[in-house]
Structure formats: structure tokens, C-alpha cells
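Colleague: For reference, the sequence and a predicted model appear below.
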Amino acid sequence: MSRPDMVAHTATLSVLLMYLVLTGCNSSSRNSARIVAFSKVAAAYQEGPYNTDITERDYKPDIVDGRVTGARPGQRIVLYAKTDGRWGLCRQSRQPFTNTEIESDGRWKASVHLGLQYAALLVDPTFNPPEQTESLPIVGNGVEALAVVNGEGAAPVLPSPKILNFSGYEWTTSAGPIFRAGSRNFFDPANVWTDERGALHLRISGSPGKWSAAEVKLTRSLGYGTYRFQLRDVTHLEPSALLTLIAWDGVGSESTRRELDVELGRWGNPENTNVNYVVQPYYVPANFVTFRVPPGAYTHSFRWEPGQVMFSTVAGSGNTTGGRVINRHVFTSGVPSPEGQSVRIGLYVFHQGKIPLNNENEVIIDKFEYLP
């Protein structure tokens, strides 16, 4: 190679090397890790499992702080505390973000209500955090980074969930204290089992002041279709015992849940009807139908389609088909679209009832069916 060619070749290599260095730096800058971390953690919530007098507003506040690496202008921190089986948004002066912007050195500081765990999410300004959720948002769609820590101190020891098979599907049990319909219940996996015929048993066990409830959740979402529950007689339930057959994704507050319900019980008053069809929120008159069924076995179902859902109750259970229609209703207002809803079957205590629960209660579900 002649000297002029060598000079030209060397110059070309130098330019190429410089380009790779610059583009590598720019790529590194664009893809640099964004990290959120806690420096100070709040105490762990210590309420006992059977205290049913508290509400979600009763948790005392505390201060947490931390640091962010790689935050972009305009990004903020969203904080959650987990108590009673759900993550609750920690608002700051009626806002969903921390009460100050992330400081120039990456520090942040905010107030939280006490929980068993705490989560900090680095989010874009357009991110709309759910008020309550069973599962935290994942990174993506406006969430840049997140950190989860346990509260300081000894947390209460809770039973572990268990997996069981029923009607050809896999279900997981609820465990620990959880709010259901405004009542705080303690859910014990020991109160759920299947018998030798494959029927599902749910039980409220214990004694007054120390009741434990039962709930199972389908481990996958099914979407639009027909959901059918074949039950043995449940009219023996005490007025403050409730059985619920629902499809819900675990997200949202009382007014924003994407939920469909069949509720079986009298809500603490023996004079009440004992079956409700509900498209949440329940307090919208067009979303609620109530009626009474006499003793006997029934099949409750709902057919969920775009823009409408049809509930029905038919006499008969187990292998019985073509039973007498007791009630049927079509809702066309407020019907949610599928967004991860899964089936839940729960038996629990309505602690605000006119007549307190006095005895253990049990129900048997012979079969669950889903038809696309």
C-alpha cells in the first residue's frame, strides 16, 4: 500500500473509531439504567388479624425517603403501601405523587400510610396510578423503575396460600386479612378443600370475634363468555354470612372496579333478599338487581359480551340441566371490557350486619364451567 493510501486508510479508521465511541456513548446515555431506591423505610403495620373495626382510612402515616438515578425532567415518584392484601396509593395533599419534585441530586421524600410492604415507582407525568390494586404495575407504559421493601420491624405471621384443582381449573386461595365489601376478614386456606367427588367446600370457621373466611381465585383470566356456578342449597347461611361469585381484576376503588358479581346472602339483615346481580359500582341503580330464592340447589351464571352481560339463576345443580328459570336480567350500562379479570369464589363475614354471625357456616359448589 502506498503512503498516500495508508494515510487515507488511517484517517478512515480514525473517523470510524470516533463514530463508534460517540454513538456508543449516546446509546449508553439513552439506555442508562433508571433506579429508584429507599433510604428510610416506614414501620410495618402491626394490626392483628381479627380486628374488624378498622377501615382503610385508619392507618397512621409515616415518612419514607429515597433516591433516584437516571430520572428525566418531569418524572415523579408514586408510592404504595400494602395492607390487607392490596396495594393502596399513598396520596400527598390530594395528589398521587410525592409532595415535592425529585431534587437535583435524585433525593425524594414523602408520607405513606402504614403497611406490611412499601413500593416506590418512578413514573412519567402522564402515568395514571390505580387507587388500589392487588398487583403492582410493571415497568413499561409510563413506569420507568420500581422498588419494593418490607416495613421496618416484625411483620405479622400469615398463612401461606395453597393451590388446588377444581372443575379442571387451577385455583389459589386467599390468605391473611383482606377487605371484602367494606368488611375486614381473615382468610385461612385451611377453610378451602375439595372432596372425593371433586366438589369445592368453603367454610367460615372459628368463633365470635375470631372468624376466619375462605376464598379461591382462578389463576388465569378467561375474558368474554359464559361463567356458570352449580351450587347446593345455601339458604341456610346466617344473615351475616356472604357467598360471592365474581369476575374481577383486583384493580380499582369502590367506584372504579371492573367487576361482575353474583352475591348470595342477606347482608346482616334476615329480612333482606338473598341474591344480588351486580355490575360494579353497586350504588348505581341500573347496575343492581335483587331477588329472593327459596331453599334448594341452583345454578347461577352470567354471559359476558361486549357492551352487555346477562345474569340468570336456574333451579338445579350438580348433573341437573334444563332447570326452571328463577330470574334473568341483562345489563347494558357500565359493563366492563376484559382487562385481566379472573373468577373468585368467596365465603366471608359481613361484620357491619344487624345480626352478628353466631356459628360456623359452610357451602358446597359442585361445578364451575366456562363456555367461550
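Modeller: Structure's in. What do you need? It should be emphasised that the depicted structure is a prediction, and the values quoted were computed from it without experimental measurement.
Colleague: Show me where this structure has its helices.
Modeller: 3-30 (DSSP state H).
Colleague: Which secondary structure elements does the top strand by length along the chain sit against?
Modeller: As assigned by DSSP state E, the longest strand anywhere in the chain is strand 361-371. If contacts are counted by 3 or more Cβ pairs under 8 Å, 6 or more residues apart in numbering; DSSP states H and E, strand 361-371 sits against strand 200-204, strand 225-231, strand 342-349. In this view, the C-beta of every residue, glycine as well, is placed from N, C-alpha and C.
Colleague: switch to 7 Å and redo it
Modeller: With contacts taken as 3 or more Cβ pairs under 7 Å, 6 or more residues apart in numbering; DSSP states H and E, strand 361-371 sits against strand 200-204, strand 225-231.
Colleague: What strands flank that strand, and is each parallel or antiparallel?
Modeller: Applying DSSP bridges, strand 361-371 is found paired with strand 200-204 (antiparallel), strand 225-231 (antiparallel).
Colleague: What backbone torsions are found at the spatially most central residue of the chain?
Modeller: The chain has Gly250 as the residue nearest its centroid, 2.4 Å off, counting by Cα atoms, centre = their mean. Note on Gly250: its backbone torsions stand at phi 80, psi 10 [degrees, to the nearest 10].
Colleague: do the one 3 residues further on as well
Modeller: The phi/psi pair for Ser253 (degrees, to the nearest 10) reads phi -90, psi -170.
Colleague: The residue nearest to the centre of the chain contacts Thr133, doesn't it?
Modeller: Yes. In this structure, Gly250 is within contact of Thr133 by Cβ atoms under 7 Å, at 6.3 Å.
Colleague: Let me have the helices and strands packed on strand 361-371 in a markdown table, adding distance to Arg91 and mean pLDDT as columns.
Modeller: Listed next are those as a markdown table, based on distance: least, Cβ to Cβ, whole Å; pLDDT from 0 to 100:
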| stretch | distance to Arg91 | mean pLDDT |
| --- | --- | --- |
| strand 200-204 | 34 | 98 |
| strand 225-231 | 35 | 97 |
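Colleague: Quick one: closest of the ones you listed to Thr83.
Modeller: When the helices and strands packed on strand 361-371 are compared by Cβ to Cβ, strand 200-204 sits nearest Thr83, at 22.2 Å.
Colleague: Residues contacting that closest one, please?
Modeller: Residues from elsewhere that reach strand 200-204 (Cβ atoms under 7 Å, 6 or more residues apart in numbering): 166, 191-195, 211, 213-214, 241, 345, 347-349, 360-365.
Colleague: Any chance of CSV for the helices and strands packed on strand 361-371, columns distance to Gly268 and mean neighbour count?
Modeller: Converted to CSV, the helices and strands packed on strand 361-371 look like this (distance: least, Cβ to Cβ, whole Å; neighbours: other Cβ atoms under 10 Å):
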stretch, distance to Gly268, mean neighbour count
strand 200-204, 14, 21
strand 225-231, 21, 21
